[in-house]
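Engineer: Return a 3D structure for these sequence lines:
(chains A and B)
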Amino acid sequence: MSVTINIPAILQNLTHNKKSIKTTGSSIAEIINTIEAEYPGFRDRVIADGKVHRFMNIYVNDDDIRFLNNLDTKVSSSDSITILPAVAGG
Amino acid sequence: MNSIKKSSSCSPLLSGCELSIAAGSFSPLSALRQSLIYQSELLGIRLSEQPEIACSGLQLNFQYSNALDKNLSTFDNNLNTFDKRIQKPIELNQKEKLKQGISQVKATITPWQNDSQRIADESIMQAACGMMSVHGRAQGQVQALGLPYISTLTACFALQGLLATSVARLRGVELPGFNLSMMTAGLMAVGQYIAGATASEDAECIFPSHCIAEEQPPFISADGVIFELETLSPGPWKAFWQRVGIGGVLAGKGWKAFLMRYAKAISPLPREMKLALSKLTYDEIKRVCEETGVAICPVRSLQQRHQDTDFNGVLQQGPWLFNETSTGFLPASACLSGHHLPLHGIVVVEACRRIQGPMAGHLLSLLGAKVIRVELPGGDPLRGMLPAEAGVSVRFDALNRFKQPVEIDIKSADGQEAIKSLIQSADVFLHNWAPGKAAEYSLDSADLRKINPQLIYAYAGGWGELDTQLQLPGTDFMVQAYSGVAESVGRHSTKPGGSLFTVLDILGGAVSSQGIVAALLSRQLSGDVTRVDTSLLGTASLLTFNHNQSLKNLLTKSSKQNESCLSDESELFGKFNAIYSTTDGELVLSCVTEKNMEELFELTGIFSTTDSIQVMHCLKERIIKKSAREWVNIFANSSIAVAEVVVDLAKLASLPESSDCLSSHPDSYVRVMSPWRMRSTSDDE
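Structural biologist: This is a model prediction of the structure:
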């Protein structure tokens, strides 16, 4: 299944400056593995110790996947997937 | 090397320095003047007041000659004096040169950048720089902050500029002084929000009237306790809300809103969340917090803060903790003539994230320092925070654009060596790591002094001396709640609790860089190097200085006298000070003295009366009949302070009051220029 994922500026150096990528996968974990195969180094910037990296957020539509099924969260072709850096603290 | 540890409490850092203040004859800047005096006294600077002058601001003269004379005579008696960095004795002609240089620095402080005669007070400046709009986002309407915020920040910048210019003089740069306005200080405070509102793509349009106050933190328990929650990780947040009956999807939406506080000054939480907590007592909520790892802090009053055992010490010490070590030598003059920024040639290594530490580094870079910024491998994640231009977050760029980034993994042994290598040729090391981390990385002040004995070591933290005691994350909103700032802000706002504008992070950054510049001057004057610890909690005490003084008086007066004390405090913002509706927006008006009343009645066509309520009613009726700009023009040459309330931050670059302080280019966000306008030798007024 084809889905589109929005890439934050900070990771665009890994995706040949592409702001969004069309890729395949039925869960977030699958999608990230597919992207990793094409753009090596991507996964380590988004995932750490098998979880979403603490400095990153992944949203399916408006929902943070940490509050859904984490990396096992299912996606469909109509979903909007966005990676954004986390902002917290002063 | 002879090292003598000195205690900051017995020997204020800048004793021997002097500051004279001449206030404008029609200057309403009492909060600014008082904060300037308070900050100077804490640093050991001797004060004198000069006769009034004909302008709307303050004129300052700062002298360090007595401090220098005292130290040079000490060094004259020490034949072993040498500059370790250049490995040669300080030459006699250098000492003479230090003595001969003009040791007086001049500064003029005005409310407005481009009109030295126009008057203003705190609320007028908060309206004109967009601060009322930013603070108002979480209030659902434009709102004054209720604290002398811009006055305190301007005083901090003024003193910092004087000290930095003195450092320049002692290093061979002949800078006579600078001009500074409250307007640029105010704009600097909201610079990140201006960047977000003016980005060339995806600019944020957040207006107070579009926001709903009831959706924003703080929270209120069933037994009426107002409190803040804090966690920097989504795991505890999810577990906490699950325990109070809020499911994952809703908690996730709340998390997204919760994270928004730091960047956008809003946090529209799903209504169910605040409702769920309103059904539990504070103790019940506290128990859930303890079990899930979420921090909780009640919104305490200033009176409660006063009863804390550490408070008197903080008040006497000020927002900085200086620990001096004598090195036994004076730094050499750097022969920097020809440069126009006071800290040119000073190297700062900054290892900070988020807002407070980067703000400190930004201010030092605006003063001319070279700031090397240590970032995580791959770069600081905040670089990617939207909106962005050329791949970099504009909000991030607003605080870091003049720095040189270097990617280092500080947790690795190689990374720690890389930092030590940078330190060898640095003047300042600044970090804001969590308590205990510097020692864990072997990068504490004692470790780095072994590498560079002249290093100024600075830490910009959350709780200061309470860091290990409180066990709470030292973030802006927690410190606002604990310190009494939130309660104080809430008393002047539409809802209880503090501001979602990062009040303490911004001022805390200014306090940190001010402490660093004071330490640089002390090093230049005496050869002493200083560790500078600052905190958000110490910053809160500085910000509430006026209230603290009033409260101090309360403790020694009868209850009747107490009432008059509090009413004095409420006059901080001038008579008839309010936000008035006009035909096209809002206007803030402030009648500073009784003498201004007749002028106010004349210009608005109101019949003279002593009934304040009636006057306010009539003013509202009159002011709504013209546009804000028309009223600004009508009051232009009067003694009434007035300003249009800037709601849309994108408008600031085109308004006559603020455009001179902003740098605006097509296809780029609007940047706030340096608050210090250095004077050249031929242009000293």
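Engineer: Just list the residues touching residue 14, thanks.
Structural biologist: No chain in the question, so chain A it is. Residues counted as contacts of A:Leu14 (CB atoms under 8 Å, 6 or more residues apart in numbering or on different chains) are A:39, A:41-42, A:45. Where you see a C-beta, it was placed from the backbone N, CA and C, and this is true even at glycine.
Engineer: I was thinking of chain B, sorry if that wasn't clear
Structural biologist: With CB under 8 Å, 6+ apart, B:Leu14 has these contacts: B:43-45, B:64, B:67, B:163, B:518, B:521-522, B:525.
Engineer: before we move on, the earlier item: of the contacts of A:Leu14, list those near chain B.
Structural biologist: A:Arg45 (CB under 8 Å from any CB of the partner chain).
Engineer: Residue 49: neighbour count?
Structural biologist: With no chain named, the answer covers chain A. 6 (other CB atoms under 10 Å in any protein chain shown).
Engineer: Hmm, no, I was thinking of chain B.
Structural biologist: Neighbours around B:Glu49, by other CB under 10 Å: 12.
Engineer: mind listing what it touches?
Structural biologist: Neighbours of B:Glu49 in contact, by CB under 8 Å, 6+ apart: B:20-23.
Engineer: What's the PyMOL line that selects buried ones from the residues you listed?
Structural biologist: Selection of buried members from the contacts of B:Glu49 for PyMOL, criterion 16 or more other CB atoms under 10 Å in any protein chain shown:
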select buried, chain B and resi 21+22+23
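Engineer: Name the nearest of the contacts of B:Glu49 relative to A:Pro8.
Structural biologist: Within those, the smallest distance to A:Pro8 is 48.9 Å, found for B:Ile21 (CB to CB).
Engineer: For that closest one, which residues count as its bridge partners?
Structural biologist: B:Ile21 forms beta bridges with B:Glu49, B:Leu60, as assigned by DSSP bridges.
Engineer: what about stretch B:655-664, distance to the chain center?
Structural biologist: 21 Å (CA atoms, centre = their mean, to the nearest Å).
Engineer: mind checking the end-to-end distance for it?
Structural biologist: Using CA to CA, to the nearest Å, the end-to-end distance of stretch B:655-664 comes to 12 Å.
Engineer: Please enumerate residues in contact with that stretch?
Structural biologist: B:112-114, B:128-129, B:181, B:183-184, B:187, B:194, B:198, B:643-644, B:646, B:652-653, B:670-673, B:675.
Engineer: Rounded mean pLDDT for it, please.
Structural biologist: Averaging pLDDT along stretch B:655-664 gives 95.
Engineer: ok, and the closest non-adjacent residue to the spatially most central residue of chain B?
Structural biologist: Central residue of chain B (CA atoms, centre = their mean): B:Leu507, 1.6 Å from the mean position. Distance criterion CB to CB, 6 or more residues apart in numbering or on different chains; nearest residue to B:Leu507, sequence neighbours excluded, is B:Thr539 at 5.1 Å.
Engineer: On the three-state scheme, that neighbour is what?
Structural biologist: Classification of B:Thr539 by DSSP: H, G, I helix; E, B strand; the rest coil places it in helix.
Engineer: Near it, how many other residues are there?
Structural biologist: Using other CB under 10 Å: B:Thr539 sits among 31 other residues.
Engineer: and it, what does it touch?
Structural biologist: By CB under 8 Å, 6+ apart, the neighbours of B:Thr539 are B:319, B:479, B:504, B:507-508, B:511.
Engineer: would you turn the contacts of B:Glu49 into JSON lines with pLDDT and distance to B:Leu364?
Structural biologist: Formatted as JSON lines, those follow (pLDDT from 0 to 100; distance: CB to CB, whole Å):
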{"residue": "B:Ser20", "pLDDT": "95", "distance to B:Leu364": "26"}
{"residue": "B:Ile21", "pLDDT": "93", "distance to B:Leu364": "25"}
{"residue": "B:Ala22", "pLDDT": "90", "distance to B:Leu364": "28"}
{"residue": "B:Ala23", "pLDDT": "83", "distance to B:Leu364": "29"}
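Engineer: Going by distance to chain A, which of the contacts of B:Glu49 wins?
Structural biologist: Closest approach between the contacts of B:Glu49 and chain A, by CB to the nearest CB: B:Ile21, at 32.2 Å.
Engineer: For the residue nearest to the centre of chain B, pull up the helix or strand it's in.
Structural biologist: Using DSSP states H and E, B:Leu507 sits in helix B:503-526.
Engineer: How far does that helix sit from its chain's centre?
Structural biologist: Averaging C-alpha positions (CA atoms, centre = their mean) puts helix B:503-526 11 Å from its chain's average.
Engineer: Kindly indicate whether the residue nearest to A:Asp63 when sequence neighbours are not counted is helix, strand or coil.
Structural biologist: Take A:Asp63 and drop its neighbours on the chain: the residue closest to it by CB to CB, 6+ apart is B:Gly252, 5.1 Å away. Assigned with three-state DSSP, B:Gly252 falls in the helix class.
Engineer: wait, isn't B:Gly252 in contact with A:Thr73?
Structural biologist: No. Under the criterion of CB atoms under 8 Å, B:Gly252 makes no contact with A:Thr73, lying 10.7 Å away.
Engineer: picking that back up, go through the contacts of stretch B:655-664 and flag which are in helices.
Structural biologist: Under the assignment DSSP state H, the contacts of stretch B:655-664 contribute B:128, B:183-184, B:187, B:194, B:198 to helices.
Engineer: Make TSV from those residues and add distance to chain A, neighbour count and pLDDT to it.
Structural biologist: Output for the ones in helices among the contacts of stretch B:655-664, formatted as TSV (distance: CB to the nearest CB, whole Å; neighbours: other CB atoms under 10 Å in any protein chain shown; pLDDT from 0 to 100):
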residue	distance to chain A	neighbour count	pLDDT
B:Ala128	25	28	98
B:Met183	24	28	98
B:Thr184	22	27	98
B:Leu187	20	28	98
B:Ile194	18	28	98
B:Thr198	18	22	98
